[in-house]
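> need a 3D model of the sequence below.
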Amino acid sequence: MKGALWIAHVDVHDSGKYGEYIKVASVVIPEHGGQFIARGGRYVQLEGQARARNVVALFPSVEAAVAAYNDPRYQGAVKLAKAAADRDMVIVELG
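Next up, the predicted model:
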């Protein structure tokens with residue numbers, strides 16, 4: 001399987017602002033070929049620091065995932081996300 005995973009670990013402290021971010025991300029990510037495969041939900045933290053919300057999206061390539069992140073609409077929403085949450089994000093190529 002080829003493609004890439006966009007993985008975000010998030011602690012939300014302002015749900016109103018973060019909700020506005022989600023509205024934009026829910027449009028931009030699919031426009032770049034991303035498909036959400038996990039948004040929140042139950043998880044088991046085995047190592048490292050846990051965050052309350054975990055999001056995983058599958059993209060056709062690393063380049064598509066990076067293009068979604070760099071999309072000007074998404075970057076506008078990132079400002080809301082950073083003001084509303086602490087988060088870690090990574091894009092990982094499937095091997």
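
> packing partners of the helix or strand where residue 65 lies?
Here residue 65, judged by DSSP states H and E, is contained in helix 62-70. If you count contacts as 3 or more C-beta pairs under 8 Å, 6 or more residues apart in numbering; DSSP states H and E, helix 62-70 packs onto strand 4-12, helix 15-31, strand 53-59, strand 85-93. C-beta coordinates here come from the backbone N, C-alpha and C atoms, glycine included.

> can you add distance to residue 45 and mean neighbour count and give these back as a markdown table?
Converted to a markdown table, those look like this (distance: least, C-beta to C-beta, whole Å; neighbours: other C-beta atoms under 10 Å):
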| stretch | distance to residue 45 | mean neighbour count |
| --- | --- | --- |
| strand 4-12 | 10 | 19 |
| helix 15-31 | 21 | 16 |
| strand 53-59 | 9 | 19 |
| strand 85-93 | 13 | 15 |
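
> hmm, back to that, mind listing what's buried along the helix holding residue 65?
Residues 62, 64-65, 67-69 are the ones in helix 62-70 that count as buried (16 or more other C-beta atoms under 10 Å).

> and which of those residues is nearest to residue 46?
Closest approach between the buried residues of helix 62-70 and residue 46, by C-beta to C-beta: residue 65, at 24.4 Å.

> sorry, back to before: just so I know, which of the helices and strands packed on helix 62-70 lies nearest residue 78?
Counting by C-beta to C-beta, residue 78 lies closest to helix 15-31 out of the helices and strands packed on helix 62-70; the figure is 7.5 Å.

> tell me what angle the closest one forms with strand 4-12.
If you take axes from the mean of the first three to the mean of the last three C-alpha atoms, to 10 degrees, helix 15-31 sits at 170 degrees to strand 4-12.

> strand partners of the following helix or strand past helix 15-31, parallel vs antiparallel please.
Under the assignment DSSP H and E, the closest C-terminal helix or strand after helix 15-31 is strand 35-39. Paired with strand 35-39 in the same sheet, following DSSP bridges, are strand 53-59 (antiparallel).

> contacts for the strand it pairs with, please.
Contacts with strand 53-59, where a contact means C-beta atoms under 8 Å, 6 or more residues apart in numbering, come from 3-12, 29, 32-41, 43, 65, 68, 91.
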